[in-house]
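Peer 1: Sequence plus predicted model, see below.
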Amino acid sequence: MIKTRTLFKGLGLAALTLGAVFACQSVQASSHREAPLIAQDPQADNTDLYVFRSPDDTNFVTIIANYIPFQLPEGGPNFYTFGQNIRYEIHIKNNTATAQDDITYRFTFTVSNQDPNTFFNIRLGKQNQRVSWTLTKLTGGSSFGSVIATGNCPPPNVGRNSIEGQAGLSVTSYDTLVKQAIVTASGSAAKGERIFCGSADDPYFADIAGIYDLGGFRPKGNSTNAPKDGYARYNVSTIAMKIPIFALQKSGQSVTAARNILDPDYVIGVWASASRKAITTLGNGTLSYPPDSVNSWVQVSRVGMPLTNEIMIPIGKKDLWNSVKPYNDDQFDQYFKNPELALYMSDKNYGAQFPALNALRIQLASRSDMISGGFDFHNGAKGLWPIKGINLSGTALDPLGFGNMLLPDSTSPRSVDILPLFYTGFPNLAPYQLATGKDGDNPLAAGKPFINNFLPTYGDMIRLNMAVPVTPRNGPSFSSLGLLKAAEIGLNQSPYNLSNELQWIPNMDGFPNGRRLEDDVVTIEMQLMAGAGLAVMGYWYDDFHPGGPTMTTGMQRTFDFSAGPDKNDTTFKANFPYVQVPWSGADYSSQPRF
């Protein structure tokens, strides 16, 4: 009798041999259908991850992990649900002294029918495809403790007849069901977490069609070929968690104990995943589950930073990337030291063939006032390597600190900005401070602090400094351009540009210091890929000249670049779970609009 280990992919999907899975590590991915195999298993597909300090209660951090992309509101009669036999997990890293996750939240879901004698999803107060869930947590050790024994997802937003009608659930509105589904943790491992699981409007926005047409970004105001939000009026399946900061801080400290607004002890890294159960297939066609253990579950999807697997990892490695944990990401770092996308932002490479990216040109001769020919950051160039031999003591580039990682060799120019963007975060050390106040305009001098989300456990995660104050969402200074807007304010606006002292600048809590629902991550990452991060810390664009304006023409052009859509297609809520109710296929007009 022949036995083969296989990974069961779910009803209606083919099984993959587990031997093949581990031989080529070819399993799914992180964002919307961005890797070949995950497109075949949408129930296990991470779409996006959001991590931000809660705007309505700043003693909490909110983590939102979304799954199951491109859900049509008209998805009946079998609507979209979280999958059974899948482990949906949210992972937190808060301590560099440990090797793996420090906290893991695990969700499992069960689907049942209350009225199997009808083809309707909802009828006379009963629901089919009714989804309930359980939440457990691992904090050190090897045993998961209970956080919530049973929670329930609201039903899909079928339409007003099903939700509000007398023949349906007869509730006031769909939002009533959302509020009823929010649960406060009460189990043995609970720390006061509030949880919501269910359908929601997909908060992600991007001109996905333009992006993948060879970088054919369509700017706003383009009348001949206007940009389109490819995620508008689609839903996702959301896991939203509102967690007390003390429950995430490595020593259990509340945010009031932080030394300052960039306290390094309040940095966390977050990633999310989905895993499926391995099985044994016998020669007679019967299936047998192995004993439940760590090795009997296979990770098939993960997400940390947005767009990592979509635009940083080449197609031949995407399935491999999704099967490994962030702690094994060193095998992919070549794609961050010399990212493919940068090839299309340099006229030394293919920039001339990508006219939609003309506004984005990485520095090829930055700071020619400092070294002959300037610093060249195009792929394969030296980058900051020429400073390797000088005294770097007290900077992040000190070889006794992190210099060997940030300046590994003379052919990895983006190891100083793109690699830490995804893999480590940025420390509050020169050169990773604003050029404001730098002595003699030397990028290696101490400048104005504006970021510290440094967690040097190597690997792709969203990193957030939980001590950074919240920018009010309805305030005049709030910007979807996140930390880059904070940098622009710190360079150009009084009183922030008058000294290099630490002070709160609006949007210091924005991406890539965490990720807010409103953040335009596509535009931000495109600007950073074009060297905006290097520029704000003093490695100006090539048109800089001593005594000239800080905001050079090249820099202004980069900061003015837009990837197209710059906000979600509907509003966000002011209170948890912040994501908007899911679109209804029967009544689009019921969705709140701007």
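Peer 2: Received, thanks. Residues are numbered from 1 along each chain as shown.
Peer 1: make it CA atoms for all contacts and neighbour counts henceforth
Peer 2: OK.
Peer 1: Residues contacting the host helix or strand of Pro69, please?
Peer 2: Taking DSSP states H and E as the definition, Pro69 sits inside strand 60-71. The contact list for strand 60-71 (CA atoms under 8 Å, 6 or more residues apart in numbering) reads 32-33, 42-54, 80, 82, 90, 231, 234-245, 272, 466.
Peer 1: Strand partners (parallel or antiparallel) of that strand?
Peer 2: strand 46-53 (antiparallel), strand 235-244 (antiparallel) (DSSP bridges).
Peer 1: for the stretch 1-150 of the chain, what spans make up the helices?
Peer 2: 18-24 (DSSP state H, counting those that start in this stretch).
Peer 1: Scan the protein for its longest helix.
Peer 2: Ranked by number of residues, the top helix in the chain under DSSP state H is helix 482-492.
Peer 1: packing partners for that helix?
Peer 2: Secondary-structure packing of helix 482-492 (3 or more CA pairs under 8 Å, 6 or more residues apart in numbering; DSSP states H and E): helix 532-536.
Peer 1: who does the helix or strand following the helix it packs on touch, helix- and strand-wise?
Peer 2: Where DSSP H and E defines the elements, the next helix or strand beyond helix 532-536 is helix 553-560. Contact partners of helix 553-560 among helices and strands, from 3+ CA pairs under 8 Å, 6+ apart: helix 532-536.
Peer 1: Give me the contact list for the helix it packs on.
Peer 2: So helix 532-536 is contacted by 417, 433-435, 484, 487-488, 491, 540-541, 555, 558-559 (CA under 8 Å, 6+ apart).
Peer 1: So, low pLDDT: which residues of the protein?
Peer 2: By pLDDT under 70, the weakly predicted segments of the chain are 1-31, 33-35, 221-223, 280-285, 287-295, 440, 545-550, 588, 590, 593-594.
Peer 1: one more time with 50
Peer 2: Where the chain drops to pLDDT under 50, the residues are 1-30.
Peer 1: longest strand anywhere in it?
Peer 2: Counting residues, the longest strand found in the chain (DSSP state E) is strand 267-282.
Peer 1: in that strand, what's buried?
Peer 2: By 16 or more other CA atoms under 10 Å, the buried positions in strand 267-282 come out as 267-281.
Peer 1: Strand partners (parallel or antiparallel) of that strand?
Peer 2: strand 3-7 (antiparallel), strand 86-93 (antiparallel), strand 287-288 (antiparallel), strand 297-303 (antiparallel), strand 462-465 (antiparallel).
Peer 1: export the ones you listed to a markdown table and tack on mean neighbour count and distance to Val178?
Peer 2: Formatted as a markdown table, the strands paired with strand 267-282 follow (neighbours: other CA atoms under 10 Å; distance: least, CA to CA, whole Å):
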| stretch | mean neighbour count | distance to Val178 |
| --- | --- | --- |
| strand 3-7 | 18 | 34 |
| strand 86-93 | 23 | 20 |
| strand 287-288 | 14 | 38 |
| strand 297-303 | 27 | 25 |
| strand 462-465 | 30 | 27 |
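Peer 1: what about the strands paired with strand 60-71, which gets the closest to Ala530?
Peer 2: strand 46-53 (23.3 Å; CA to CA).
Peer 1: Export that closest one to PDB, keeping only CA atoms.
Peer 2: Extracted in PDB, the C-alpha atoms of strand 46-53 (Å, rounded to 0.1, in the frame of the first residue of the first chain):
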ATOM      1  CA  ASN A  46      -4.000  37.000   3.200                       C
ATOM      2  CA  THR A  47      -4.800  40.300   1.500                       C
ATOM      3  CA  ASP A  48      -3.600  43.100   3.700                       C
ATOM      4  CA  LEU A  49      -2.400  43.800   7.200                       C
ATOM      5  CA  TYR A  50      -2.900  47.100   9.200                       C
ATOM      6  CA  VAL A  51      -1.300  48.000  12.500                       C
ATOM      7  CA  PHE A  52      -1.900  51.400  14.100                       C
ATOM      8  CA  ARG A  53      -2.400  53.000  17.500                       C
END
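Peer 1: Mind listing residues that contact that strand?
Peer 2: Contacts for strand 46-53 (CA under 8 Å, 6+ apart): 29-33, 59-69, 204, 270-274, 301-306, 462, 464, 466, 469-470, 509, 514-517.
Peer 1: Now the buried members of those residues.
Peer 2: 29-33, 59-69, 204, 270-274, 301-306, 462, 464, 466, 469-470, 509, 514-517.
Peer 1: What's the separation between Ser410 and Ile387?
Peer 2: 11 Å (CA to CA, to the nearest Å).
Peer 1: same question, Phe377
Peer 2: Phe377 is 14 Å from Ile387, by CA to CA.
Peer 1: Which one's more surrounded, the two?
Peer 2: For Phe377 versus Ile387, neighbours defined as other CA atoms under 10 Å are more numerous around Phe377 (27 against 14).
Peer 1: show me what contacts that one?
Peer 2: 362-364, 383-384, 413-414.
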